[in-house]
Structure formats: structure tokens, C-alpha cells
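Engineer: here is a sequence with its predicted model. Questions after.
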Amino acid sequence: MKFLPYFFLLCCGLWSTISFADEDYIEYRGISSNNRVTLDPVRLSNKELRWLASKKNLVIAVHKSQTATLLHTDSQQQVRGINADYLNLLKRALNIKLTLREYADHQKAMDALEEGEVDIVLSHLVTSPPLNNDIAATKPLIITFPALVTTLHDSMRPLTSPKPVNIARVANYPPDEVIHQSFPKATIISFTNLYQALASVSAGHNDYFIGSNIITSSMISRYFTHSLNVVKYYNSPRQYNFFLTRKESVILNEVLNRFVDALTNEVRYEVSQNWLDTGNLAFLNKPLELTEHEKQWIKQHPNLKVLENPYSPPYSMTDENGSVRGVMGDILNIITLQTGLNFSPITVSHNIHAGTQLSPGGWDIIPGAIYSEDRENNVLFAEAFITTPYVFVMQKAPDSEQTLKKGMKVAIPYYYELHSQLKEMYPEVEWIQVDNASAAFHKVKEGELDALVATQLNSRYMIDHYYPNELYHFLIPGVPNASLSFAFPRGEPELKDIINKALNAIPPSEVLRLTEKWIKMPNVTIDTWDLYSEQFYIVTTLSVLLVGSSLLWGFYLLRSVRRRKVIQGDLENQISFRKALSDSLPNPTYVVNWQGNVISHNSAFEHYFTADYYKNAMLPLENSDSPFKDVFSNAHEVTAETKENRTIYTQVFEIDNGIEKRCINHWHTLCNLPASDNAVYICGWQDITETRDLINALEVEKNKAIKATVAKSQFLATMSHEIRTPISSIMGFLELLSGSGLSKEQRVEAISLAYATGQSLLGLIGEILDVDKIESGNYQLQPQWVDIPTLVQNTCHSFGAIAASKS
């Protein structure tokens, strides 16, 4: 008899195998669910109720591709999992029998639906409903989000990185382009098995894993609790789980949609909580109930600036990219999934609670701000979602007492509102305000402070991670707890309402889980450089100045000596060069200061004067014995001008060089000295005595030439008249002789007169040809006797022919 149970199980197994082979499916024996979640009644119409009453049994098809978290069978061939709990709720809500059949794959299940063998197909996780006109999908039963996973010890790895990284995934989800948005140089390794993919990250073979939050979190809870951690959720691409029905099953589709609508976020969260220790985002299945005005505000303000403090663990920290991490980082990540808002951090070096004292502008939200009535005058506060008591932090000692003693130095951050209250409670204590609570822990440990006021969560984190055996804390009696919330500028009431709705949708257990997650997070390194950089720079600067001052001074002196020698050598070279250049000039040059004293000159200046008269030349220019006394009066009229536009003033006068009076062309100009308030005159002259004499001689010769030219012109004019008269007479006689009216005697007389006139012309021409004797001065005049009557008669006869020709 004791073998009967085993025989029965064997027969059942054989029957199941034969049934699966014949029918292509396995029919489960039932649904196993210990979930005690209660669902509000599903409101159905009379028509739908009558349809359900006539139906009595719904056949639902599933397939093996569904993971164990969603659906799996136990040893009794009963289904368990999140989907099984939902099906159990469906069974109770509709008061109907459910029959579950498992098909080998999704396609066979869909074929059975189309052929009418089943009523419903419960799909696996897909990114969208199937594109089939004969199939209708209900509203999503489950919504999952992509989750970024890394090792627990590397939880502060950046959430985005331009560096090469290795990323694991399963079944090509999510797509490459989605991964490359955050990791442009990622090497993507696809696995067929989720466990293998997560194990590769846990072993350090890959840096990250990205996959569905439900499936991933379930696997981490089972096998990788102490090695892997979810660090971020992405808003897309989401995956969904649908009820699929035939298109003609309209009533069934409506009934299933009513059931899905009846599943509130609270119900979904409780259902998933039975199967997930972490990563339960079922409270996000239904969107926030935002007003149209709030939805419009989100469209107009998709990106918000977050005033973030990296030194307030576990509330807020930053990674190497400046992204917000810690409890507030995870809360903001959830708000992004709820609303679609994106948050850009603005890091401040002091505590973010101080931001509540800032005026609006440049920031939109302050996470983890401590609420107080005074601060509410400056900013708006959302509803508090974390409440923690205040504690005193002190050094751990064998005789430690949980009280403050007289004369103790106790630090309190200035953004805590307890200062006046604690001062009244402990008047004998010296209170010291500090900028940041986290930075003051080290001073308590070093003994610079006797105690510190902090929040219990902050103190617990700092002591557990950095001072486990050195510090301890105890509650401050009689003071209210610190209420942490989000703060906003007073001009943004819409943002406050949106954040309030988002925070209210987050279950308190989820906030508690996130807090515990970050308090227990190992190996979180906080970069405190900004907190101590000022002190470091001061100490380093003083040390460098102290050690290097002598070296710098010695180097400076050595450099000064070398530079002085170089400058001195250059100056000597310039002086020698200028002296040689000045002495090489043939004309005298000299320099006169503002008082008129000759302070420098070249050798030509000295050689111009005799040795005795040189002394007079060196006298001040205003001295009456100075040969340059006329220059000084005009020199004061010279104005300083730029080097590019320097005017040269000239004068011509006579000067005595000790031997004779010499005529000179004197010049001078004013030169400014950059290193002196006074200017000097640069002067010189050119001896133009010979030039002047030559010009005078040329002028005399020029006048002589002009006179000679005038005389020659007069001579030629006179000669022209003297020559023209005899020729005219000869021509007249010739004309008379050519006529036929003259007698022989008249002809002989005419010929005689023409001859006489020719002789006279010949004599005149001979005298003209002697003009060179006149010019050379060799022509001599000799007086001779002249027969005046004959001369007059001959002259009259010379005009007779001309007179006869005109009569």
C-alpha cells in the first residue's frame, strides 16, 4: 500500500506527458495563491453579468516564455507568481472558474485563441500589443521599466558615461540605441539567460546590466542580494503584460478592462511585494491624476534645476558626473517615471537646506530641505516624506554620558532651527555654528568639538561608515523631529502640487526601503574636496611661501645683479655708440638743458671754436657773451611733440668762432626724457659762410649777364635798323635802273649812289663783325674827321631812290 502514492504520481506524470503530446498544451490543476489582498467589487453591467453566468468557465492560455516571477508551477502542477495572484483576484472578482493551459510557445497559444480553443491569452512582457486585426488587447495588467544594475560595491558608478563600458542584457532588451543614449561607447553583450547575465556583472566581467525591473529585481533578491544593486530606472522602453482576446469577444474584453481598472496602485504594490524585496514599481502602473493645467505646466517646464548638496548622506550625494544620488536621487528618479520631468543638478558647497534662504531664480527644487515656519516665508514646501529625530554626536569613551556638560563646545549647523531653543536648554554650553553637519563629524573625532547636533539618519550613516568605534549619538530630548521635504520657489505652486501628488503615490514602505538601502550601502566615498579645499590651499600656500621665499629672494637678487650688469653693459655700449656716432658727424651738435646750460657736445663743436673762445661757447645760453644767446629766447617757445611728429626749428645768423664772423644755419628741437620731468634741447648748425659768399658772387655775375643780354638786344635792334636802311636804298636804285625813263646821266648817278650805299653797308657790316672784339674788350675807338656836308648829301641820296619809287 505504501507504494500507491508513488504509483499514482507516476501515472499522473505519464498522463500529463501524453496529454501534452496529443493536445500541444498542459492543463494546470489550479492557481496557488496565499495573497490576502482584497479588491473592490468590479462594477459590471447586467448584460456582462448575464454573459459571465452563461460562460461559467474561462480558458486562459499561457506559454513557457513567461519567467518564474510572473508565472511558474509548483510540484502539485499549480501556478504561482505575480500573474497567478492577478488571476486569482480575477477569479474572485468575477466569481468564475478559470482553466489555465500552458502552450509550448506564444504562437501556439495565439493559434489556439484564433481557433476558439481558449478564451484569453495572457501575454508575456512585450513593448506593445500584437499587430493583429483579429486580436484585441486589454489595458496593461503589468508595466515594467528598464533597470540599470551594477555591483553593490560600485553603486556610485556614473549613470551615464562617455567611456567604454561593457553592458549585459537579455533577449536584445533594451535596444542598442537606447543603451547608447547613456553609454555612447558601450560594448553590448546579449545573453539568453537572465541568471548568466547578472552573474557576469557580479563577477566583474561586465560593468552594468539593463533589463526589466520586475524580472531583474526578483533574480537579485534570490541570488545576488549581497553583490548587485539597482541604481536607476529608465522611463522607456517599457514592457507590458496584456490579456488578449478575439476581436468578436467584445463583452469579455470589456469585463477584463473593468477588472484591470479596479486594480489600484496600492493593490498592485501589495501583489508584487509578495514576490519582490526591491525594485517594486507596481505603484506606477496607473498614472498620476494630474489636472489639465498641471499637465500643461509639465509640457512647458520639462527640465528642472535641482539645488543639490553632495555632502549630506544618506539624503543626497553626487557621483563623478555630478548626478544626484542617495535617497533623494532615487526619489527624483521615481518622480521622473511618474511625471516625465527631468532634473539637472546644481551642486552647492554648503548644505542644501541653506538654499531655503535663497531668493528665487537659478533653481527650481531643493530636495531634502528641512521644514520650518520661518523658511516657509521664503519658499514653498511639499508634504514631508521623511521624519527623523535630532541627536547629539560625541566621542565614544568608557565613561561616556548622554548629556552635555558645562563649557563644552557644541557645533550646530546654521540651517537647523534649534539654535535658540537649545541655547535656552543648555545655556552653559558654547554653541558654534557650522556650515555643514557631515563635515563637523571629523572635528568631533579629533577633539576640536565636544559634540555635534545632527539628524539621526545622517549621524547613523556617518558613524557606521566612517567612525564606527569612535563616535556615538543619542537623542536630544524635548525638541521636535526634523521633517524633510522638497522646497520650491514661492512662484511655483503648480510644481508643489505635482510633487505632492507624486510623493503621495509612493508607498511609505518604499521610502523606508530606499532609506535603509543607502544607510547600509558599503564603500560610498564622498568627495569632500570642496569642503576642505580652502583650508588646504591656505596651508599649502603658506608652506610654499615660507619655504620658497628665501629661494625666491635669492633668485631675485641674483637676477637683479645679472640684469643690472646686462643693463649697465648695454648702457655703456649705447653711450659709446652714441658718442662715436655724434663725433663722426661733420657738423657741430650740442645738447642744452632746460636752464640753458650746454651739457654735451660732439668733437666738431669743440673744433669749430678757438681754444680761448671755446670757453664762451660753453657759457649758459642766457649769458650775453654766449654766441648762442639769441637761440635761448626762442627755445622756450618750442613745445614737446611726439617722436613721430617732431618739429625742427631753424635760424640763420652770424657767430664768432674766435677768428672771424661765420654765417651758420642753426637748428634745434625739444626732446622729452621719459625718466625725467625736464626736457632737453638738441641743437646743431651748419656753417654756410662759403655757401653765402658763393651765392653773393653768383648774384653779381647773374646781374652782369642780365645787363649784357639787355645791351645785346639793344645793339641788335639798332643794327637791324642800320642794315635795313642801306639795303632798302640799294633796292630802290635797282628798281630805278630797271625802268626805261632815266637818262644816261641819271643812270650813272644812280649806279654811283648805289655803289656808295653798298660801300657804306660793307663798312657797317665790317664793324658788326668786330662785335667779338667788343665783347672781349679789345675793341678800341679812334676819333676821325668827317665831312658833314658829304655825309648828309650821301644820306639824302640813299633815300632818293626810295622817294622816287613812291612818287
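Structural biologist: Yes, it's here.
Engineer: tell me the domain ranges of this structure?
Structural biologist: Annotated domains of the chain cover 18-142+243-281, 146-237, 326-529, 530-578, 585-687, 706-806 [automatic domain parsing].
Engineer: residues contacting Asn253?
Structural biologist: 136, 138, 243, 245 (C-beta atoms under 8 Å, 6 or more residues apart in numbering). Heads up, the C-betas are built off the backbone N, CA and C, glycines and all.
Engineer: brain fart, Val42
Structural biologist: 93-94, 255, 258-259, 262.
Engineer: and it, which of the three is it?
Structural biologist: Secondary structure, DSSP: H, G, I helix; E, B strand; the rest coil: Val42 is coil.
Engineer: for the chain, longest strand please?
Structural biologist: Longest strand in the chain by number of residues, with DSSP state E as the criterion: strand 661-672.
Engineer: how about stretch 374-386: buried residues?
Structural biologist: By neighbour count on 16 or more other C-beta atoms under 10 Å, the buried set for stretch 374-386 is 375, 379-382, 384-386.
Engineer: please compute how far stretch 46-57 lies from its chain's middle.
Structural biologist: Stretch 46-57 has its C-alpha centroid displaced from the chain centroid by 69 Å (C-alpha atoms, centre = their mean, to the nearest Å).
Engineer: contacts for it, please.
Structural biologist: Taking C-beta under 8 Å, 6+ apart as the rule, stretch 46-57 contacts 44, 94-99, 251-252, 254-255, 258.
Engineer: restrict the contacts of Asn253 to the buried ones and give me that as a PyMOL selection.
Structural biologist: Entered in PyMOL, the line below selects the buried ones among the contacts of Asn253, by 16+ other C-beta under 10 Å:
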select buried, resi 136+138+243+245
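Engineer: now the contacts of stretch 46-57: which count as buried?
Structural biologist: 44, 94, 98, 251-252, 254-255, 258.
Engineer: just flag the most distant two among those.
Structural biologist: Leu98 and Glu254 (17.9 Å; C-beta to C-beta).
Engineer: before we move on, the earlier item: could you dump the domains of the chain to CSV with distance to Asn309?
Structural biologist: Converted to CSV, the domains of the chain look like this (distance: least, C-beta to C-beta, whole Å):
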stretch, distance to Asn309
domain 18-142+243-281, 26
domain 146-237, 16
domain 326-529, 4
domain 530-578, 10
domain 585-687, 57
domain 706-806, 107
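Engineer: of all those domains, which lies closest to Leu694?
Structural biologist: Closest among the domains of the chain, using C-beta to C-beta: domain 585-687, at 11.6 Å.
Engineer: was I right about Ser33 contacting Ile82?
Structural biologist: No. Applying C-beta atoms under 8 Å as the test, Ser33 and Ile82 come out as separate, 10.1 Å apart.
Engineer: just the helices in the stretch 351-500 of the chain please.
Structural biologist: Using DSSP state H, counting those that start in this stretch, the helices of the stretch 351-500 of the chain run over 419-425, 437-446, 456-466, 493-505.
Engineer: so which elements touch the longest one?
Structural biologist: Read it as helix 493-505. On a contact count with 3 or more C-beta pairs under 8 Å, 6 or more residues apart in numbering; DSSP states H and E, helix 493-505 meets helix 292-300, helix 326-339, strand 379-381, strand 482-489.
Engineer: what residues sit buried inside it?
Structural biologist: Quick answer for helix 493-505 (16+ other C-beta under 10 Å): 494-503, 505.
Engineer: and of the residues you listed, the nearest to Tyr28?
Structural biologist: Nearest to Tyr28 out of the buried residues of helix 493-505 is Ala505 (C-beta to C-beta; 34.8 Å).
Engineer: confidence score at Gln782?
Structural biologist: On the pLDDT scale, Gln782 is placed at 75.
Engineer: and if you look at Gly658?
Structural biologist: Looking at Gly658, the pLDDT reads 85.
Engineer: before we move on, what about the one 10 residues further on?
Structural biologist: If you check His668, the pLDDT there is 85.
Engineer: now it, nearest residue through space, not along the chain?
Structural biologist: If the residues on either side of it in the chain are set aside, His668 comes closest to Cys683, at 4.1 Å by C-beta to C-beta, 6 or more residues apart in numbering.
Engineer: give me the mean pLDDT for the helix or strand that neighbour falls within.
Structural biologist: If you go by DSSP states H and E, Cys683 is part of strand 679-687. Confidence over strand 679-687 (mean pLDDT, whole number) is 88.
Engineer: likewise stretch 406-420?
Structural biologist: 89.
Engineer: quick check: end-to-end length of that stretch?
Structural biologist: Across stretch 406-420, the terminal residues are separated by 17 Å (C-alpha to C-alpha, to the nearest Å).
Engineer: in it, what's buried?
Structural biologist: 408-413, 415-418.
Engineer: ok, stretch 46-65 next?
Structural biologist: So stretch 46-65, judged by 16+ other C-beta under 10 Å, has buried residues 48, 51-52, 58-63, 65.
Engineer: report the distance from the helix or strand hosting Leu698 to the chain centre.
Structural biologist: Leu698 is part of helix 689-738 when elements are defined by DSSP H and E. Between the centre of helix 689-738 and the centre of its chain there are 95 Å (C-alpha atoms, centre = their mean).
Engineer: packing partners for that helix?
Structural biologist: strand 661-672, helix 744-769, helix 788-798, helix 800-806.
Engineer: so which of these gets nearest Ala705?
Structural biologist: From those, taking C-beta to C-beta, the stretch that ends up closest is helix 744-769, at 21.8 Å.
Engineer: and of the helices and strands packed on helix 493-505, who's closest to Gln402?
Structural biologist: strand 482-489 (19.3 Å).
Engineer: need the pLDDT of Ala21.
Structural biologist: We have a pLDDT of 41 for Ala21.
Engineer: ignoring the adjacent residues along the chain, who's closest to Ile765?
Structural biologist: Using C-beta to C-beta, 6+ apart, the nearest residue to Ile765 is Ile723, at 7.3 Å.
Engineer: I meant Val393, not that one.
Structural biologist: Val393 sits nearest to Leu452 (C-beta to C-beta, 6+ apart), 4.3 Å away.
Engineer: so how many other residues sit close to that neighbour?
Structural biologist: Leu452 is flanked by 27 other residues according to other C-beta atoms under 10 Å.
Engineer: for it, give the beta-bridge partners.
Structural biologist: Each beta-bridge partner of Leu452 is listed here: Val393, Ala411, as defined by DSSP bridges.
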